[in-house]
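1. Below are the sequence and a predicted model for it; my questions follow.
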Amino acid sequence: MTTGPGGTEEKSEDVGLATGRFLTVAEVARYLRVSNMTVYRLINGGQLAAVRVGRGYRIREEDVTRYLRQRYMDAG
């Protein structure tokens with residue numbers, strides 16, 4: 001365990017959460033060129049990992065990349 005901000009203890013696996021860049025649903029939708037509703041469906045369907053922040057969601061950039069890699073199809 002490590003000590004986080006404010007003297008709270010964090011598990012080693014939780015420390016990595018704060019190191020990545022977080023995107024909003026709208027940013028992910030623009031990046032993927034889909035609607036916000038499509039991103040919400042991916043989140044609610046468990047296909048795209050997200051963190052609930054207040055009334056919205058935040059998605060790590062690396063989770064978007066992982067989602068795309070999993071769905072990539074080789075054309076050849």
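-> Sure thing, it's come through. Numbers count the residues shown, from 1 in each chain.
2. which of the residues in the lengthiest helix in the chain are buried?
-> Looking across the chain with DSSP state H, the single longest helix is helix 61-71. For helix 61-71, burial by neighbour count (16 or more other CB atoms under 10 Å) applies to 63-64, 67. Where C-beta positions appear, they are placed from N, C-alpha and C, glycine not excepted.
3. can you check stretch 42-51 too?
-> So for stretch 42-51, counting by 16+ other CB under 10 Å, buried means 42-43, 48, 50.
4. Show me where this structure has its strands.
-> 2-3, 9-10, 22-24, 51-53, 56-60 (DSSP state E).
5. So for the first one, mean pLDDT?
-> Averaging pLDDT along strand 2-3 yields 48.
6. And for the fourth one?
-> Computed over strand 51-53, the mean pLDDT rounds to 96.
7. Next, work out how far apart Phe22 and Met73 are.
-> As judged by CB to CB, to the nearest Å, Phe22 and Met73 stand 28 Å apart.
8. With Val39 instead?
-> Relative to Met73, and taking CB to CB, Val39 is found at 20 Å.
9. Leu32 now?
-> From Leu32 to Met73 the distance is 16 Å (CB to CB).
10. Enumerate every residue touching the nearest residue to Val25 once chain neighbours are set aside.
-> Spatial nearest neighbour of Val25, excluding adjacent residues (CB to CB, 6 or more residues apart in numbering): Val39 at 4.8 Å. Counting by CB atoms under 8 Å, 6 or more residues apart in numbering, Val39 makes contact with 25, 28-29, 32, 48, 59.
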